[in-house]
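**Student:** Provided below are the primary sequence and the corresponding predicted coordinates.
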There are 2 protein chains.
Amino acid sequence: MQTVVQLRQLYEDYLIANRFEQRPAGLYEPVNYIMELGGKRLRPVLTLMSYELFRPDVERALPAAHAVELFHNFSLVHDDIMDQAPLRRGHPTVHEHFNVSSAILSGDVMLIYVYEFLLRMSDMGCLPQLLEVFNRVAVEVCEGQQYDMDFEVRQDVKIPEYMEMIARKTAALISGSLELGALAAEAPEADVQHLAAFGRHIGLAFQLQDDILDTFGDPEKFGKKIGGDIIQNKKTYLILKALEIADPHTRAELLEHMTAETEENAGKVEAVTAILQHLGIPALAEAEKRRHQQLAFDHFNAVQTPEEKKIQLRQLTEKLIGREK
Amino acid sequence: MQTVVQLRQLYEDYLIANRFEQRPAGLYEPVNYIMELGGKRLRPVLTLMSYELFRPDVERALPAAHAVELFHNFSLVHDDIMDQAPLRRGHPTVHEHFNVSSAILSGDVMLIYVYEFLLRMSDMGCLPQLLEVFNRVAVEVCEGQQYDMDFEVRQDVKIPEYMEMIARKTAALISGSLELGALAAEAPEADVQHLAAFGRHIGLAFQLQDDILDTFGDPEKFGKKIGGDIIQNKKTYLILKALEIADPHTRAELLEHMTAETEENAGKVEAVTAILQHLGIPALAEAEKRRHQQLAFDHFNAVQTPEEKKIQLRQLTEKLIGREK
């Protein structure tokens, strides 16, 4: 079994070997730009690890791993246009560094190359199945983004809808990364399903943790500015839970903060954070996160492969959702 | 053999049977909107006709035909954002009728469904080949769009580059529609290649004709306003040929018209049209169009299938490039 560091390096080498050197430069430069901004390479590493649970020749899964990372970056490029985001991983977003047309078109060509790399798995005899799973996941990611945009202008979003949204927008691709790796390795169907479910709950726990840390995290460790979600009036799990359990007076207060446009941000973050604390939201959110952690590892434990093969993947995902604390 | 009208109806029925009824509505409504704006359904009909040259059970090619039409409409949705086009087929474009984010995301989901429909061809045993051809075509269409945008800000575009651009942006998908139909029918390799080349030259002749008609067409028949390309300073075959053969004085005059921003449009169209006439451009463009016509039908004639099976496709493509005149 290779370590996370080894698998990440294996993927990085593949990425560089498959750099887009085609012309026109205006189309492919933005692709190399976003792909080489770095990041943890979580999804391709998950694909490789899932494959390695069942087969040792992990290089054969590299095209599928690359397809997953290309898709993830394609979705970032297009989402950043929609969200008018100026920065990605500390650098200007593609539409800022190049322009909106480049970001649209380069994203499109990335999505086509996703399938080109999946097609390189065709000698493994599982192509239709890989494509079927990938398409389902890709559609879910688009649906998740649409729900996320819909929720921005809705004031009546409920927690089950929110969980459905993050299941699509965040968890589907993490689940899909694991599922594709297992499928490529021709793992038994039950194990494929357990890994998919494991990924889904890991993705949900990961997003819940992100919601918690955005408001209650340690600024030094979190990497982003604390309170960003509150400033942007994002309807996170924390806010939706607060709206669900608050008394009418507190709910009105919270809604007022979330609709006041000219409010001073520092004061707003403090006020909303205090309401969330007062309602006991951090503990409730932590409990929901732990519930998904538990479900995740129940599925992981059910995968029929020796424990020594699972160590790397177990450690990586535990670290991802902060279980090691 | 079915007539064009019959095949178009067959496709329209399939389109309606495969309407996107999924949720969220914000994602799928724009897809139904653009798919149901009409149009000639040229590309799916070409796929069906190409299939029918070799096999009678044309319904089996419907998913591939739909993939081609979905891809064409996906490219229109995204191109219209980049070109800031207000109208498409006489109706507001998707980004105008909905908004830019919807147009980006709905286009993305259309591109994913392209592959979903191609995947429905997997029982025909030619899936990897279909995907390979489709991916090559799809990449070419993106490259063509990028070259087209690049050319807008370049003043040194030459005719071979222009032909390469329209080969990708326009001809590749017409060629691909025919190639996919023949591949799905498991036609002999030589015939597949002849049909692909046929489509490529038909596409080039079609675009050259469009360039000619935009300036010299009959306003009643053309459907669009005459002179649109001149007003937008588009570097069409007509303009590039004129810049190539004009004396320095005339070239300077033409370039001045093409860079003057505040010029009165009516006078500009007349002045540029007069220069093109004076240089004999219409005859030169017609000759180039006829050259591609000839090459197209040479390839078509080489396809090894009885002439009575070819009649419908021959008539449709002759009509398309105005050869019947």
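**Tutor:** Thanks, I have the structure now.
**Student:** domain assignment for chain A?
**Tutor:** A:1-147, A:188-325 (automatic domain parsing).
**Student:** wait, does the first one contact chain B?
**Tutor:** Yep, that's domain A:1-147 we're talking about. Yes. Legend: contact between domain A:1-147 and chain B by Cβ under 8 Å from any Cβ of the partner chain is shown at A:22-24, A:26-27, A:78, A:81-82, A:100-101, A:104-105, A:107-109, A:111-113, A:115-116, A:119, A:122, A:127-128, A:131-132, A:135, A:138-139, A:142-143, A:145-147. Any C-beta I mention is one placed from the backbone N, CA and C, and that applies to glycine too.
**Student:** Would you list the buried entries among those?
**Tutor:** Neighbour counting with 16 or more other Cβ atoms under 10 Å in any protein chain shown marks A:24, A:26-27, A:78, A:81-82, A:101, A:104-105, A:107-109, A:111-113, A:115-116, A:119, A:122, A:127-128, A:131-132, A:135, A:138-139, A:142-143, A:145-147 as buried within these.
**Student:** hang on, the earlier thing: please identify which of the domains of chain A is closest to B:Gln312.
**Tutor:** In terms of Cβ to Cβ, the element of the domains of chain A nearest to B:Gln312 is domain A:1-147, at 31.3 Å.
**Student:** now stretch A:16-36, how far from the centre of its chain.
**Tutor:** From the chain centre to the centre of stretch A:16-36 is a distance of 23 Å (Cα atoms, centre = their mean, to the nearest Å).
**Student:** What of stretch A:302-312?
**Tutor:** 24 Å.
**Student:** Would you mark the buried spots in that stretch?
**Tutor:** A:Val303, A:Thr305, A:Lys309, A:Lys310, A:Gln312.
**Student:** Ok, stretch A:162-179 next?
**Tutor:** In stretch A:162-179, counting by 16+ other Cβ under 10 Å, buried: A:162-163, A:165-179.
**Student:** wait, A:Ala260 sits on A:Val272?
**Tutor:** No. Contact between A:Ala260 and A:Val272 fails when scored by Cβ atoms under 8 Å: they sit 10.8 Å apart.
**Student:** between those two, which one's more packed in?
**Tutor:** A:Val272 (23 against 11; other Cβ atoms under 10 Å in any protein chain shown).
**Student:** Let me know the pLDDT of that one.
**Tutor:** For A:Val272, the pLDDT comes out at 95.
**Student:** OK, contacts around it?
**Tutor:** A:Val272 is in contact with A:Thr215, A:Ile230, A:Ile239, A:Leu254, A:His257, A:Met258, counting by Cβ atoms under 8 Å, 6 or more residues apart in numbering or on different chains.
**Student:** Would you quantify the distance from the closest residue in space to the fifth one that isn't next to it in sequence to A:Glu161?
**Tutor:** Which is A:His257. Nearest residue to A:His257 in three dimensions, chain neighbours excluded: A:Val272, at 5.3 Å (Cβ to Cβ, 6 or more residues apart in numbering or on different chains). Distance, A:Val272 to A:Glu161, using Cβ to Cβ, to the nearest Å: 21 Å.
**Student:** Next: A:Leu127.
**Tutor:** Taking Cβ to Cβ, one finds A:Leu127 at 35 Å from A:Glu161.
**Student:** cool, A:Thr259 as well?
**Tutor:** Taken as Cβ to Cβ, the span from A:Thr259 to A:Glu161 is 20 Å.
**Student:** Would you mind telling me which of the two has more residues around it?
**Tutor:** A:Glu161 (15 against 10).
**Student:** Which SSE is immediately downstream of the host helix or strand of that one?
**Tutor:** Using DSSP states H and E, A:Glu161 sits within helix A:159-166. Following helix A:159-166 in sequence order, the next helix or strand is helix A:172-184 (DSSP H and E).
**Student:** avg pLDDT for the helix or strand following that next one?
**Tutor:** The C-terminal neighbour of helix A:172-184 among helices and strands, as given by DSSP H and E, is helix A:189-216. The average of the pLDDT scores along helix A:189-216 is 97.
**Student:** Give the other helices and strands that helix A:189-216 contacts.
**Tutor:** helix A:159-166, helix A:172-184, helix A:228-231, helix A:237-245, helix A:265-278, helix A:281-302, helix A:307-320 (3 or more Cβ pairs under 8 Å, 6 or more residues apart in numbering or on different chains; DSSP states H and E).
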